[in-house]
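> sequence unavailable; structure follows:
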């Protein structure tokens, strides 16, 4: 059973804070004891702490303790309190290059049993290190949040893949496919840039959502402003974003500025479509595993549900696909939707092979 996404986001933030705290040379014995107690409270604490280590290391902020070493240490641990002892730093030179890497005072870190450590490691596939990039992937129905060393948080939706690179002059995210929401920490010296196959955007102190579809990218701004440009090539800077979004459809090679509440789509042909894409309420709801619809066709509703399901829902009646409805539903449980359709639209549900649900009337 997975914890509610809001709880996981909170634990992820706590894990990042604990990482910085216990690696601070000024940390006290009381700090380390409190950290040990925090780890023991839940396997999710161990899981998110390991992911925090992977994140900071992949972005070049620390020298990581390999996950495999944690398993080895856990399996070899004989103390009755199931404490895993971490090996000391291997090289003073390496520690000098990464001041936060050394952990001379941290001796009893993962106060959890072998089973807990192994459980935590099952999630590490989602955050992989590759050529200095942080690569984050989610499976169908899975969501994940990643806290970055600069204080930014990336929320990754179902069936998505992206890479993150923190350089000295920029913070670069490439959304390969899927959907992500970015809560960006301000850093005037390092612009936060997100690229997709169709578009390139820069945060101007903001929270915004990006979703890729077939030959299209949707952008929704929750807070602040975003500079949006068709095409994924070229560099952007805040001074470039001076053109406001018009009401009509526009095609432009120069950046367009979107304010809070605005949304737009960029096609593969370089056309920017004003007012197209998910609403703010929808992009805020998905991280709580809710799907919000306002006067939308059943075809669109089913399409959204299927993003979170391996067992798909199919509509057999063409007229039924055009039925419009509004509501809020749990992404991983279409029961409320099916009950509504059966009661008010006379819909029948047929289960076929591999769990496929067919809607007809």
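Thanks, I have the structure now. Small disclaimer: the values here were computed from a predicted structure and weren't measured. Numbers count the residues shown, from 1 in each chain.

> tell me who's in contact with the closest residue to residue 232 other than its chain neighbours.
Sequence neighbours aside, residue 195 is the residue nearest to residue 232 in space, at 4.4 Å (criterion: C-beta to C-beta, 6 or more residues apart in numbering). To be clear about C-beta, it is placed using only N, CA and C from the backbone, and glycine gets the same treatment. Contacts for residue 195 (C-beta atoms under 8 Å, 6 or more residues apart in numbering) come out as 172, 173, 174, 175, 201, 232.

> elements contacting the top helix by length along the chain?
For the chain, the longest helix by residue count, based on DSSP state H, is helix 5-22. Helices and strands touching helix 5-22, by 3 or more C-beta pairs under 8 Å, 6 or more residues apart in numbering; DSSP states H and E, are helix 29-40, helix 43-58, strand 144-147, strand 153-156.

> what about the strands in the stretch 251-361 of the chain?
Remark: strands assigned in the stretch 251-361 of the chain by DSSP state E, counting those that start in this stretch are 256-259, 263-267, 271-274, 290-297, 313-315, 324-330, 348-351, 357-360.

> show me the contacts of residue 195 that map onto helices.
Going by DSSP H, the helices hold none of the contacts of residue 195.

> which of these ranks first by neighbour count?
residue 201 (31 neighbours; other C-beta atoms under 10 Å).

> not counting sequence-adjacent ones, nearest residue to that residue?
Nearest one to residue 201, counting by C-beta to C-beta, 6+ apart, is residue 228 at 4.8 Å.

> how about that neighbour, secondary structure?
Secondary structure, DSSP: H, G, I helix; E, B strand; the rest coil: residue 228 is strand.

> next, residue 322: phi, psi?
phi -90, psi -10 (degrees, to the nearest 10).

> quick one: it from residue 18, how far?
To residue 18, residue 322 is 52 Å away according to C-beta to C-beta, to the nearest Å.

> the two: who's more crowded?
residue 18 (20 against 11).

> the more buried one against residue 35, yeah?
Yes - between residue 18 and residue 35 there is a contact under C-beta atoms under 8 Å: 5.3 Å.

> so what sits opposite the residue nearest to residue 232 in the bridge?
residue 174, residue 200 (DSSP bridges).

> circling back to that earlier point, gap between the residue nearest to residue 201 and residue 199?
According to C-beta to C-beta, residue 228 and residue 199 sit 6 Å apart.

> any common contacting residues for the two?
Common neighbours of residue 228 and residue 199 (C-beta under 8 Å, 6+ apart) are 219, 266.

> between these two, point out the one with more neighbours.
Shown here are residue 228 and residue 199; by other C-beta under 10 Å, residue 228 has more neighbours (29 against 26).

> show me the contacts for that one.
Here residue 228 is in contact with 199, 200, 201, 219, 255, 256, 257, 258, 264, 266, 272 (criterion: C-beta under 8 Å, 6+ apart).
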